[in-house]
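K.L.:
got a predicted structure here, sequence first:
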There are 2 protein chains.
Amino acid sequence: MKKIALDMDGVLADEFGQFSQFYEKEKGIRITIEEARGKRLSEAFPGAANYIQSPGFFRTAPVITGSREVVEKLYRAYDLFIVSAAVEYPHSLTEKLEWLKEHFPFIAWQKIVFCGSKNIIGADIMIDDNFKNLDPFAGQTILFNQPHNHFADAGRHHRVTHWHEIESLLL
Amino acid sequence: MKKIALDMDGVLADEFGQFSQFYEKEKGIRITIEEARGKRLSEAFPGAANYIQSPGFFRTAPVITGSREVVEKLYRAYDLFIVSAAVEYPHSLTEKLEWLKEHFPFIAWQKIVFCGSKNIIGADIMIDDNFKNLDPFAGQTILFNQPHNHFADAGRHHRVTHWHEIESLLL
């Protein structure tokens, strides 16, 4: 059974949407996806880098459309692990566990990995929105489209913009 | 640079010693290493399985003799990751991070992995005290001797009883 390493932020959890909501609430300005393209989140939302330190930021993030249904199918067909680079933000660890329990309750604790660098991950397929994780990975790579990676060349990574495409690719 | 996946409990943190201290404090009975040999911790310390749920259990665990000095040398010579099966006990996550920060301050957050199953770990060498982690691992395996694994046949795993032996093996 092939192993999948599946990222959380920007792939399951709508990190951009959460930044956008927090930003509009605080500053009354709505940043569109178009405006954010090609920018890191810290550039797209000036002065908002501290949002990820706010209690509840990860716990209340919206779920990316279509992810729940497709991940449930993948979970049956593959040896699927959630692999999230969460150790940098210790408070996010329990929030992320609770978020997964609410939105992806079928995922066993055995299949959840919180790490820093993903270079220690051994899997056949990696699904991620960050080049720094996909570039050094030896297996098949799927880049989940996000404003921050929009203009960067996916190169050897297969770019997808919706979970339906992952379903077509892997199921 | 070869990758090492290094376990925490029973390899860096003296889990047996911590159980022993908690048990003696609560019940006034001192369980020796000899008495605990061949028994799981829950068998060696009857009625003490809930200790790991106590706040501070992981945070205040003693450091295994010699580990600090040898790990610091390994950290320079290898691509070393801490890989701890901590996700089952969410409260342990921040305690383990703080424990590492105190006792192994040279280890960067990028090099810390909290997981459930270790089957997703891709490394060259695994150092662990549990057969369930070492048995499915494809690379070189080092079994750290603990009372619970004492009578089990190490088979293809190299059993060590002190960190000096790991230093001789790998440095």
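P.N.:
In hand now; what should we look at?
K.L.:
quick one: residues contacting the residue of chain A found nearest chain B.
P.N.:
Proximity of chain A to chain B (Cβ to the nearest Cβ) peaks at A:G122, 2.2 Å away. Using the backbone N, CA and C atoms, a C-beta is placed for each residue, glycine as well. Contacts for A:G122 (Cβ atoms under 8 Å, 6 or more residues apart in numbering or on different chains) come out as A:K3, B:I120, B:I121, B:G122, B:A123.
K.L.:
now do it, the pLDDT please.
P.N.:
With respect to pLDDT, A:G122 scores 97.
K.L.:
now it: how far from A:A138?
P.N.:
To A:A138, A:G122 is 9 Å away according to Cβ to Cβ, to the nearest Å.
K.L.:
same check, this time on A:K25
P.N.:
Distance, A:K25 to A:A138, using Cβ to Cβ: 42 Å.
K.L.:
hang on, A:L100 is in a strand, isn't it?
P.N.:
No - looking at A:L100 with DSSP: H, G, I helix; E, B strand; the rest coil, it is helix, so not inside a strand.
K.L.:
what sits against it?
P.N.:
Counted by Cβ under 8 Å, 6+ apart, A:L100 has contacts A:M8, A:I82, A:I107, A:I112.
K.L.:
can you do 10 Å?
P.N.:
Residues in contact with A:L100 (Cβ atoms under 10 Å, 6 or more residues apart in numbering or on different chains) are A:M8, A:L12, A:A13, A:I82, A:S84, A:F106, A:I107, A:W109, A:K111, A:I112, B:V87.
K.L.:
do A:M8 as well
P.N.:
A:15, A:58, A:61, A:64, A:67, A:82-86, A:92, A:96, A:99-100, A:104, A:112, A:114, A:128-129.
K.L.:
which of those residues fall within strands?
P.N.:
Among those, the residues falling in strands (DSSP state E) are A:I82, A:V83, A:S84, A:I112, A:F114, A:D128.
K.L.:
right, and the pair among the residues you listed with maximum separation?
P.N.:
Pairwise distances across these (Cβ to Cβ) peak at 15.7 Å, for the pair A:I112 and A:D128.
K.L.:
next, A:L80: phi, psi?
P.N.:
phi -90, psi 130 (degrees, to the nearest 10).
K.L.:
do A:E26 as well
P.N.:
Backbone torsions of A:E26, given as degrees, to the nearest 10, read phi -80, psi -40.
K.L.:
got a pLDDT number for it?
P.N.:
pLDDT recorded at A:E26 is 95.
K.L.:
any idea how far it lies from B:K2?
P.N.:
47 Å.
K.L.:
ditto for A:K39
P.N.:
Separation of A:K39 from B:K2 (Cβ to Cβ) stands at 38 Å.
K.L.:
now A:R68: how far from A:A123?
P.N.:
21 Å.
K.L.:
comparing these two, which residue is more hemmed in?
P.N.:
Under the criterion of other Cβ atoms under 10 Å in any protein chain shown, the comparison of A:R68 against A:A123 puts A:A123 first, with 25 against 15.
K.L.:
quick one: contacts for the more buried one?
P.N.:
Neighbouring residues of A:A123 by Cβ under 10 Å, 6+ apart: A:2-6, A:78-81, A:83, A:137-140, B:119-122.
K.L.:
which residues of chain A fall in helices?
P.N.:
Secondary structure of chain A, counting by DSSP state H: helices at A:15-27, A:33-36, A:41-44, A:67-77, A:90-103, A:131-134, A:163-170.
K.L.:
turn those into TSV, including distance to A:R156.
P.N.:
As requested, the helices of chain A are exported to TSV (distance: least, Cβ to Cβ, whole Å):
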stretch	distance to A:R156
helix A:15-27	24
helix A:33-36	25
helix A:41-44	25
helix A:67-77	21
helix A:90-103	29
helix A:131-134	9
helix A:163-170	15
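K.L.:
ok, back up a step: who has more neighbours, A:K39 and B:K2?
P.N.:
The neighbour count for A:K39 versus B:K2, taken as other Cβ under 10 Å, is higher for A:K39 (16 against 13).
K.L.:
now for the closest residue to that one other than its chain neighbours: which residues touch it?
P.N.:
Counting by Cβ to Cβ, 6 or more residues apart in numbering or on different chains, A:H148 is the residue found nearest to A:K39 once chain neighbours are left out, at 6.5 Å. For A:H148, the contacting residues are A:10, A:15-16, A:36-44, A:129-131, by Cβ under 10 Å, 6+ apart.
K.L.:
shaky segments in chain A?
P.N.:
For chain A, no stretch is flagged by pLDDT under 70.
K.L.:
using the record's assignment, carve it into domains.
P.N.:
A:3-14+A:61-170, A:15-53 (automatic domain parsing).
K.L.:
deepest in the core, which of the ones you listed is it.
P.N.:
Of all these, domain A:3-14+A:61-170 has the most neighbours on average by mean count of other Cβ atoms under 10 Å in any protein chain shown, namely a mean of 19.
K.L.:
ok so, going back, the residue nearest to A:K39 and A:D129, how far apart?
P.N.:
Distance of A:H148 to A:D129, given as Cβ to Cβ: 7 Å.
K.L.:
intersection of neighbour lists for these two?
P.N.:
Joint contacts of A:H148 and A:D129 (Cβ under 10 Å, 6+ apart) are A:G10, A:E15, A:F16.
K.L.:
the second one and A:T60 touch, don't they?
P.N.:
Pointing back at A:E15 there. No - using Cβ atoms under 10 Å, A:E15 makes no contact with A:T60, being 11.9 Å away.
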